[in-house]
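> take a look and give me a structure for this.
(2 chains)
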Protein chains: 2
Amino acid sequence: MKKFDNISEMQQFAEYSRKNGLKIGLVPTMGYLHEGHLSLIRSLRKKCDILVVSIFINPTQFDAGEDLDKYPRDFERDENLCRQEEVDVIFYPTADQMYPAPYFTYITVEKLSKMMCGISRPTHFRGVTTIVAKLFNIVKPHVAIFGEKDYQQAIIIKQMVIDLNFDIGIVTAPIVREADGLALSSRNKYLNSANRKNAVVLYQSLEYAQKLLHDRKIKAAVLKGKMEDMILTKPHTKIDYIEIIDPDTLEPLEEINNKAIVALAVFLGGTRLIDNLLIHT
Amino acid sequence: MKKFDNISEMQQFAEYSRKNGLKIGLVPTMGYLHEGHLSLIRSLRKKCDILVVSIFINPTQFDAGEDLDKYPRDFERDENLCRQEEVDVIFYPTADQMYPAPYFTYITVEKLSKMMCGISRPTHFRGVTTIVAKLFNIVKPHVAIFGEKDYQQAIIIKQMVIDLNFDIGIVTAPIVREADGLALSSRNKYLNSANRKNAVVLYQSLEYAQKLLHDRKIKAAVLKGKMEDMILTKPHTKIDYIEIIDPDTLEPLEEINNKAIVALAVFLGGTRLIDNLLIHT
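Now for the predicted structure:
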């Protein structure tokens, strides 16, 4: 397994690999890998010759007052996991190298980045699209994979790829959950044991939404109300948003006629968690 | 000479060329080619194996009320000129193909795009950087060339290339001028004969600035005042801006200690022209 902490070395290796007809796959991560990341790695491992995992805690996607400094890190553990999964390259640049001063350039996907998570995190998606474009230009992948837990992120990246004509295939992989249903996230580590136990209500509320919709036709607003009620029975919960949206456009739906994504962001104590589920009538 | 009006055909040809070890050069244009463009083509012709000229009148770089509709076009003439200059590929997509609905993604180079031309043309550079990034992802050049007449544009594109880690060399080429000194521009076509004659005052004011600076140390504000006086002696002139700036950062200078760019934008009748000159003490 190669490790590059240098942008030009990574670019040269990517260029050399492409010239030799090898297919490059990229799994962008912020490190502290869990089974969710590993499922992305395993899924892409089959689809490419050179599998690159990037590990970079991207400062521009943290809004002011967010958890950049305390975001969990364990490079040695990440490295061992990548080796076990037969990753070919870890790319782990420094923040100084990725954002040398003066830094001025940002990519914005309008409209989509101002909804849902974009409301409480106003510069988050600008940071995500900017770093992902940078990684695309450095790692030069033929294909890149993103987790469906960050559903809005995946849609925004797909839109950026289309709009900016990146010649890169984007694939997504399903959410990986704990035994009780909690979606895996590096931020679950912040939960104390009571909040961890109560956090299962996010997934339970999504399943409840699916069940309600199976039983009868139900308006989105009513569904949201019932989910809210369920979540708020648990102590220390605060709802950031619950949205019932078109899976392709992220447009909020009033009626659910065929399928919809139910997406939510909920605080448990000080920890903000997100989850989502595709529901069908 | 190949002609592609289709994005994926262009991408496939670029990918194929790169795999075969051929070096791709890009000259992005809005067509209606003049000697300025031809000098870019000739300069890059020596530096690459596959020379691509893109011809696309990019709607997103025209601000509201600007000359998008009347911008001059003559594809057949452009095609003949490209053939004469041994261009390998003309890429000329439609606007519908470049900006399919819904289109949401824009690239902004903060600060640099809000100065000088960015003041009277607030969304211009956002349009330029967005289309240039799109062309980079479609044509996949190793090197691209830009004219120094659009000095601010060249600096902004260089900054974008650094910030977003495009693995592309950016070169610039000097301004080409008419016999009387007027910088070549497709927009010169809009000038009536009186304004065309008077337009030479732009270049004369730049030479005057150089002469004044040779003769004695002079503050930027004084230099600007003298240039303004000179330009305004001509009828139908209106100054958009005159700036004396650091050649690398575009920061306005108060004192000129070594070298500076003098850049200006002046209306002649309804036509806005730009020009610039590197001056030395």
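
> tell me where the stretch 51-200 of chain A has helices.
A:75-84, A:95-98, A:117-120, A:124-139, A:151-163, A:193-198, A:200-215 (DSSP state H, counting those that start in this stretch).

> hmm, A:Ala260 and A:Ile279 touching each other?
Yes - counting by Cβ atoms under 8 Å, A:Ala260 is a contact partner of A:Ile279 at 5.6 Å. C-betas here are computed from N, CA, C, even on glycine.

> residues of the stretch 151-281 of chain A that sit close to chain B?
A:Gln159, A:Met160, A:Ile162, A:Asp163, A:Leu164, A:Asn165, A:Phe166, A:Asp167, A:Thr249 (Cβ under 8 Å from any Cβ of the partner chain).

> and the fourth one, how far from B:His236?
Between A:Asp163 and B:His236 the distance, using Cβ to Cβ, to the nearest Å, works out to 41 Å.

> could you dump the helices of the stretch 51-200 of chain A into CSV with mean neighbour count, mean pLDDT and distance to A:Gly65 added?
CSV is the format used below for the helices of the stretch 51-200 of chain A (neighbours: other Cβ atoms under 10 Å in any protein chain shown; pLDDT from 0 to 100; distance: least, Cβ to Cβ, whole Å):
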stretch, mean neighbour count, mean pLDDT, distance to A:Gly65
helix A:75-84, 15, 98, 26
helix A:95-98, 14, 97, 18
helix A:117-120, 17, 96, 11
helix A:124-139, 24, 98, 12
helix A:151-163, 22, 98, 20
helix A:193-198, 16, 97, 20
helix A:200-215, 18, 97, 23
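
> let me have those helices in JSON lines, extended by distance to A:Ser17.
Formatted as JSON lines, the helices of the stretch 51-200 of chain A follow (distance: least, Cβ to Cβ, whole Å):
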{"stretch": "helix A:75-84", "distance to A:Ser17": "17"}
{"stretch": "helix A:95-98", "distance to A:Ser17": "21"}
{"stretch": "helix A:117-120", "distance to A:Ser17": "34"}
{"stretch": "helix A:124-139", "distance to A:Ser17": "10"}
{"stretch": "helix A:151-163", "distance to A:Ser17": "20"}
{"stretch": "helix A:193-198", "distance to A:Ser17": "42"}
{"stretch": "helix A:200-215", "distance to A:Ser17": "40"}
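
> nearest to B:Pro174, of the ones you listed?
Checking the helices of the stretch 51-200 of chain A against B:Pro174 by Cβ to Cβ gives helix A:124-139 as the closest, at 28.7 Å.

> by contact count, what packs against that closest one?
Helix A:124-139 sits against helix A:7-19, strand A:24-29, strand A:50-55, strand A:89-91, strand A:105-109, helix A:117-120, helix A:151-163, with contacts defined as 3 or more Cβ pairs under 8 Å, 6 or more residues apart in numbering or on different chains; DSSP states H and E.

> of all the helices of the stretch 51-200 of chain A, which one is nearest A:Ile245?
A:Ile245 lies closest, by Cβ to Cβ, to one member of the helices of the stretch 51-200 of chain A: helix A:151-163, at 8.8 Å.

> what does the closest one contact?
Helix A:151-163 is contacted from outside by A:107, A:109, A:112-113, A:115-118, A:125, A:128-129, A:132-133, A:146-148, A:166, A:168, A:170, A:172, A:248, A:250, A:261, A:263, A:276, B:100, B:103-105, B:134, using Cβ atoms under 8 Å, 6 or more residues apart in numbering or on different chains.

> name only those of those that count as buried.
Neighbour-count burial (16 or more other Cβ atoms under 10 Å in any protein chain shown) applied to the contacts of helix A:151-163 gives A:107, A:109, A:112-113, A:115-118, A:125, A:128-129, A:132-133, A:146-148, A:166, A:168, A:170, A:172, A:250, A:261, A:263, A:276, B:104-105, B:134.

> and the residue of chain A lying at maximal distance from its centre, its phi and psi?
Relative to the centre of chain A, and counting by Cα atoms, centre = their mean, the farthest-placed residue is A:Arg216 at 31.9 Å. Phi and psi for A:Arg216, reported as degrees, to the nearest 10, are phi -160, psi 160.

> grab the most central residue of chain A for me.
A:Asp150 (3.5 Å).

> could you find the closest non-adjacent residue to the residue in the stretch 1-150 of chain A that chain B sits nearest to?
Going by Cβ to the nearest Cβ, chain B is nearest to A:Thr105 of the stretch 1-150 of chain A, at 3.5 Å. Once flanking residues are discounted, A:Thr105 sits nearest to B:Asp163: 3.5 Å by Cβ to Cβ, 6 or more residues apart in numbering or on different chains.

> roughly how far apart are that neighbour and A:Val132?
14 Å.

> and for A:Glu79?
Distance, A:Glu79 to A:Val132, using Cβ to Cβ: 22 Å.

> do A:Val222 as well
Distance of A:Val222 to A:Val132, computed by Cβ to Cβ: 37 Å.

> same check on A:His214?
Separation of A:His214 from A:Val132 (Cβ to Cβ) stands at 36 Å.

> now A:Arg196
Distance from A:Arg196 to A:Val132, by Cβ to Cβ: 30 Å.

> show me what the strand or helix carrying A:Asn276 pairs with in its sheet, parallel or antiparallel.
In the assignment (DSSP states H and E), A:Asn276 maps to strand A:271-280. Strand pairing for strand A:271-280, determined by DSSP bridges: strand A:259-268 (antiparallel).

> show me what counts as buried in the strand it pairs with.
Neighbour count says strand A:259-268 has A:Ala260, A:Ile261, A:Val262, A:Ala263, A:Leu264, A:Ala265, A:Val266, A:Leu268 buried, by 16+ other Cβ under 10 Å.
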